Structure formats: structure tokens, C-alpha cells
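# Sequence plus predicted model, see below.
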Amino acid sequence: MARMLNDRESTARHLDSTRRHIRLCKQVKGAEQLAGNIEPAYRDLLQKQAATQAKFEAKQGALDDSIVRDAELDDSVRTAFEKATQFDRENPGAQALLKIFPEGTFSEITRTVRTKEPDMVEQLAVRFESLGGNHPLNTIAADLRAKVGVSRTANTAYLEAIRNQKLAEADEEIAQANLRRQ
């Protein structure tokens, strides 16, 4: 039974109904022209659907990269904490750990939301630098900043991937509307 497509229906439903419409039009004498009219919109929607799927997969990949970079950043904070602890153990009375980690722990930083953690680690790097240029722990600041840069880049790539997916979804919806109109 013939029926009109609805804008709330999925792309898969649009494509399935259109494929059936094309097949039926090619079997009915005099309706071949209708199949030819709708085929360009059908192919366009197929391409838009593939583009949306590719953008979705790119977003998933960017999320995975962001999660891995966050784990690496967490590990660098843990390493910095351990080095500060070791420095205090080797230099009693220095209390570098409490100057750098006033709470006495690193978990506040590593449990922070992935997008905000680079800012907290940047503050941690500033605390390492505040020990002085000749202090043995000062070099940790550069390592932390390097990890912060990589983490921020991964987070930015993820946000861009989300944006690209949304744009692809909008293009797909426009292609659906064009198909329904046809």
C-alpha cells in the first residue's frame, strides 16, 4: 500500500521505501519516468547517510583519543606526585610535596572532568616552577605542559568531530526532505 514518508522516520526507512518505489515504478508500464525522477534524490540521501556514518566513526575515534590522552595526563600527574614524594623523602624538611600538592593528594586533579583537567595540570606546572629555576623538580613542569598540550589538542579534535557529525546529520535531514518532496 502506498503511503507518504514522514519527517520523523529514519533515513533507513526513507531509503527502503524509496528503493521499493523505484522497483515498483520500473515494473509498471508508463511509470518508469517516476523512478528516474526520484533516483537522484535517493542517491543523494545514500551519500549523505554514508557521510554521516563516517563522521560518527570519526567522532568515536576522537573520543577514544581524548580518553587515552586524559589517561596519559593522569599518569603524568601521578608521576609528578611520586617524584615530589621521593624528593621529600630524600630531603627531609623540604616539604615540596605540600607546596605543589596542598591537599596532599593528586586525586582531585585526576578525577576532574576530562575537559577541565588540562587547566588544573597547568596550575600544577606553575607550582613546580615556583620552586625555582634551579630546583630539581622544576623540569617536571615542562613534561606536564607537554602532556597538557596533547590533551587539549585531543579534546579540541573531539569537539570538532562532534560539530562535524552534527553538520553531516543536518545535511542528511535536508536530503531526506528533498527525497520526501520528490
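Great, that's in hand. None of the values given here were measured: they were computed from a predicted structure.

# List phi and psi for the most far-flung residue of the chain relative to its centre.
Largest separation from the mean C-alpha position in the chain: K29, at 51.0 Å (C-alpha atoms, centre = their mean). Backbone geometry at K29, expressed as degrees, to the nearest 10, gives phi -60, psi 130.

# That one and K99, how far apart?
88 Å (C-beta to C-beta, to the nearest Å). From N, CA and C alone the C-beta is placed, and that goes for glycine too.

# Kindly report the same for D143.
18 Å.

# Ok, E90 next?
Applying C-beta to C-beta, the value for E90 to K99 is 16 Å.

# Now for the residue most central in space within the chain: which residues touch it?
For the chain, the residue nearest the mean C-alpha position is Y158 (2.6 Å; C-alpha atoms, centre = their mean). When contacts are counted by C-beta atoms under 8 Å, 6 or more residues apart in numbering, Y158 touches K59, A62, L63, D65, S66.

# As TSV, those with distance to S76, neighbour count and secondary structure would be great.
Below are the contacts of Y158 laid out as TSV (distance: C-beta to C-beta, whole Å; neighbours: other C-beta atoms under 10 Å; DSSP: H, G, I helix; E, B strand; the rest coil):
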residue	distance to S76	neighbour count	secondary structure
K59	26	21	helix
A62	21	21	helix
L63	20	17	helix
D65	16	17	helix
S66	16	22	helix
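
# burial of E39, as a residue count?
14 (other C-beta atoms under 10 Å).

# Identify the residues contacting the residue lying closest to it once chain neighbours are set aside.
Spatial nearest neighbour of E39, chain neighbours left out: I22 (6.3 Å); criterion: C-beta to C-beta, 6 or more residues apart in numbering. The contact partners of I22, taken as C-beta under 8 Å, 6+ apart, are A35, I38, E39, Y42.
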